[in-house]
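1. mind looking at a prediction? Sequence and model below.
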Protein chains: 2
Amino acid sequence: MQLPLADIIVLEFCQYLSGPCAGLRLADLGARVIKIEHPLTGEGGRKLAIKNMWVDDDNSLLFNTINRNKESFAIDMGNAGDMVWLKKLIGKAHVLVHNFRPGAMERKLLGYEDVVKLNPSIVYAQISGYGEAGPLHKKPGQDLLVQSLSGLTYTTGSASDIPTALGLGIGDYLCGNQAVQFIIAALIKSKKTGKGTLLQLSLLESLIDFQFEFFTTYFQSHKMPQRAGFNNAHALLSAPYGIYKTSDGYIAIAMVPIRQLNKILQSKALEQYDEQDCFRKRDEIKKRIAEKIATNTSQYWLQKSKELDLWVMPVLNWKEMSATAGYKVLDMEQTIKLPGNKAFITTRCPVRINGRILKSGKAAPQVGENNAGIKASLS
Amino acid sequence: MQLPLADIIVLEFCQYLSGPCAGLRLADLGARVIKIEHPLTGEGGRKLAIKNMWVDDDNSLLFNTINRNKESFAIDMGNAGDMVWLKKLIGKAHVLVHNFRPGAMERKLLGYEDVVKLNPSIVYAQISGYGEAGPLHKKPGQDLLVQSLSGLTYTTGSASDIPTALGLGIGDYLCGNQAVQFIIAALIKSKKTGKGTLLQLSLLESLIDFQFEFFTTYFQSHKMPQRAGFNNAHALLSAPYGIYKTSDGYIAIAMVPIRQLNKILQSKALEQYDEQDCFRKRDEIKKRIAEKIATNTSQYWLQKSKELDLWVMPVLNWKEMSATAGYKVLDMEQTIKLPGNKAFITTRCPVRINGRILKSGKAAPQVGENNAGIKASLS
């Protein structure tokens, strides 16, 4: 299958998570993604290990996971000879993406205005923490810090909890994903017009967009949404919405009318409430539901829910999830081959194109692995 | 400015959040997005209110927020005359996106195989909860339920908490965003080849991709990542990473070497720990940090952190956030005009293209608002 972005060359001046996430998706869609790295240090993410897990002495598992299916061109941007090669390569590329702090690429004479002179139809995407101007733009654009500024930590956890971070790199991941949207859209335009495009994104703007419901609600009501006091799962939604402890595990209950739910719970205490009470008396109702749910097993409640077609599902961890038939049928795993007969398993690109899933066993490159080939193609 | 997707026509057979999110982004990028709705009921999301907030008698604020900048073509798919109009419109479109349950569009003879006969170069994207086959595919694809199955609820909250839902429609939002990536990429290919493309996405696959660090870590180690016992902010990261209560608010501390941090904390109890301890003794160290942070104000700790350039930031809610100069410089808000001199404020598309932000004041359509114009253009 010819992949949608075959023939597209992307130069990735990126480190850590947000930019490399964007590059990975473009690579999985068929683009040739070339990481531009310093010959001695390589990308900073190579040394960023999660739980101290490494693929070899120089490269962490995390780096390998988000930089598979790419090439590496090692150049020293302080070296005039290297810069000649880089400029030739820029002339042949379709996309340049970077996530340096604002001003860093401009200081290397590789800002948009410089690059578009070398390649008039370039799509140039830059990812920052907080935008390119204003009092925040020089602050560290780290995921937890941006989450904390953005309001996001007041969406999750219950009202009596401290503000609760989402326990993943949500700002990096979202902003990287949105960069991909805008990059591909700009490719369509640059093909039509022959003109370059500058795209500017930031983790903060991505996280504000993600919270559009909360901001829009606040702008209109001038009142801030409040997390439920008990088992919060969405500050804007009413009981029973949430996760409940059973006698042997957990179940999730989504939008289920309270009287429907009580057909399986059969709680006297719940009979007094109707649908109108479910937002106003949310905590009180959720606590009564929780008392009842705790008295029987997950399997019991799931079976009862199934009989009435209620929106209730089990709560699984990664081990339980990856053992289900529903997971296996998705064929989400792929094996990445490493030098020396080693390998590791990771997840694949989350789409089917004409019924086919996209897998690539190609490992992340060593620093400068593709220098010789790239230079030969430019000579 | 000519927007990147000008001239692209998207037919949105979608309801609630995931599909309409995708349509909104495509519209903001310049596509003409036409919602296909039943003349009597309209899209189900029209009646889905958050906090009982409405824009008019028929349409909730939430619906208006994610369906602004679109048109509406109301047809009854059970009516042969209406279907003639719909098929003509399909012939002129570039993209069709739906988020009905698997099989529903096929039963209306509007599955990919039917539609590609009407329009050989169509990009046809379908969003489901759990994929198109296997034991889960007929289950309700609701956000909280998919979160709970996917493992995601074990990333957030601390170890002694029950599994904790992310308090937003993360599965819907992510899958809608990824649909946009793949749709635009497929447009590039269909332009080149003249052939249609079927794209299949699901909330579950998007949420698994989002957790790539957790799944990949689990696949290699066969051990499940454990949330920190105290102030968890990322199960895979070591102390001090987290949010801490000060004497008058909260601050977030990202990756800060423990000895650096102790230069501002000056805690005797922390002197015994070095960097090697920070994962293994994570809870113990975080508790000692918390004790110290609680003794002074946010402003005090932020000032001290600034002096040493440590990665520490304040934790803000929506009201505080939207009052900062750093927020205002982003110009994130836009006003949507409604009939009868009404209006509401929402957030904008999170990108700058050639230095310009994308705003559109166009409100969500009433059901069938564009029928006359669309029929005239097809006659």
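-> Perfect, thanks for sending it. Residues are numbered from 1 along each chain as shown, chains lettered A, B, ... in the order given.

2. what's A:V95 in contact with, if anything?
-> A:8-11, A:26, A:31, A:122-125, A:183, A:187 (Cβ atoms under 8 Å, 6 or more residues apart in numbering or on different chains). Every C-beta, even on glycine, is put in place using the N, C-alpha and C of the backbone.

3. pretty sure A:Y218 contacts A:P225?
-> Yes. In this structure A:Y218 lies within contact range of A:P225 using Cβ atoms under 8 Å: 7.0 Å.

4. shared neighbours of those two, anything?
-> By Cβ under 8 Å, 6+ apart, the residues touching both A:Y218 and A:P225 are B:W318.

5. more neighbours, the two?
-> Of the pair A:Y218 and A:P225, A:P225 is the one with more neighbours under other Cβ atoms under 10 Å in any protein chain shown, namely 23 against 20.

6. that one: what secondary structure?
-> coil (DSSP: H, G, I helix; E, B strand; the rest coil).

7. just to check, it is in contact with A:F214?
-> Yes. Using Cβ under 8 Å, A:P225 makes contact with A:F214 at a distance of 5.6 Å.

8. which residues do the two both contact?
-> Common neighbours of A:P225 and A:F214, counting by Cβ under 8 Å, 6+ apart, are A:155, A:235-236, B:318.

9. now, among those residues, which is nearest to A:C278?
-> Using Cβ to Cβ, A:L236 is the member of the shared contacts of A:P225 and A:F214 that lies nearest A:C278, at 12.6 Å.

10. number of nearby residues for that closest one?
-> 22.

11. could you do the one 4 residues further on as well?
-> As a burial measure, the neighbour count of A:P240 was computed by other Cβ under 10 Å and equals 31.

12. swap in A:W311?
-> The burial count for A:W311: 19, using other Cβ under 10 Å.

13. just the closest of the shared contacts of A:P225 and A:F214 to B:A376, please.
-> A:L236 (40.0 Å).

14. was I right to think the closest one contacts A:F214?
-> Yes. Using Cβ under 8 Å, A:L236 makes contact with A:F214 at a distance of 7.4 Å.

15. which bits of the stretch 1-150 of chain A sit near chain B?
-> A:2, A:4-5, A:25, A:29, A:50-53, A:61-62, A:65-66, A:130-131, A:133-136, A:139-140, A:142-145, A:147-150 (Cβ under 8 Å from any Cβ of the partner chain).

16. buried among those residues? Make that a PyMOL selection.
-> The PyMOL command for the buried members of the residues of the stretch 1-150 of chain A next to chain B (criterion: 16 or more other Cβ atoms under 10 Å in any protein chain shown) is given here:
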select buried, chain A and resi 4+5+25+29+50+51+53+61+62+65+66+130+131+136+139+140+142+143+144+145+147+148+149+150
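
17. can you give me the buried ones in the helix of greatest length in chain A?
-> If you go by DSSP state H, chain A has its longest helix at helix A:170-193. For helix A:170-193, burial by neighbour count (16+ other Cβ under 10 Å) applies to A:170-190.

18. mind checking the SS state of A:L96?
-> strand.

19. ok, now which ones touch it?
-> A:10-11, A:13, A:90, A:115, A:122-125.

20. among those residues, name the ones in helices.
-> With DSSP H as the criterion, helices contain A:90, A:115 from among the contacts of A:L96.

21. can you redo the contacts of A:L96 as JSON lines with pLDDT and neighbour count?
-> Shown next, in JSON lines, are those (pLDDT from 0 to 100; neighbours: other Cβ atoms under 10 Å in any protein chain shown):
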{"residue": "A:V10", "pLDDT": "98", "neighbour count": "24"}
{"residue": "A:L11", "pLDDT": "98", "neighbour count": "27"}
{"residue": "A:F13", "pLDDT": "98", "neighbour count": "23"}
{"residue": "A:I90", "pLDDT": "98", "neighbour count": "21"}
{"residue": "A:V115", "pLDDT": "98", "neighbour count": "22"}
{"residue": "A:I122", "pLDDT": "98", "neighbour count": "24"}
{"residue": "A:V123", "pLDDT": "98", "neighbour count": "27"}
{"residue": "A:Y124", "pLDDT": "98", "neighbour count": "27"}
{"residue": "A:A125", "pLDDT": "98", "neighbour count": "27"}
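
22. tell me which of the contacts of A:L96 is nearest to B:I253?
-> Nearest to B:I253 among the contacts of A:L96, with distances taken as Cβ to Cβ, is A:F13, at 28.5 Å.

23. number of nearby residues for the nearest residue in space to the closest one that is not next to it in sequence?
-> Counting by Cβ to Cβ, 6 or more residues apart in numbering or on different chains, A:F13 lies nearest to A:H98, which is 3.8 Å off, once chain neighbours are set aside. A:H98 has 22 neighbours, counted by other Cβ under 10 Å.

24. against chain B, how distant is A:H98?
-> 15 Å (Cβ to the nearest Cβ, to the nearest Å).

25. what's opposite that residue in the beta bridge?
-> Using DSSP bridges, the bridge partners assigned to A:H98 are A:F13, A:Q126.

26. could you pull up the contacting residues of it?
-> A:12-14, A:19, A:105, A:125-127 are the contacts of A:H98 under Cβ under 8 Å, 6+ apart.

27. again, but for A:L310
-> So A:L310 contacts A:253, A:256, A:260-261, A:264 (Cβ under 8 Å, 6+ apart).
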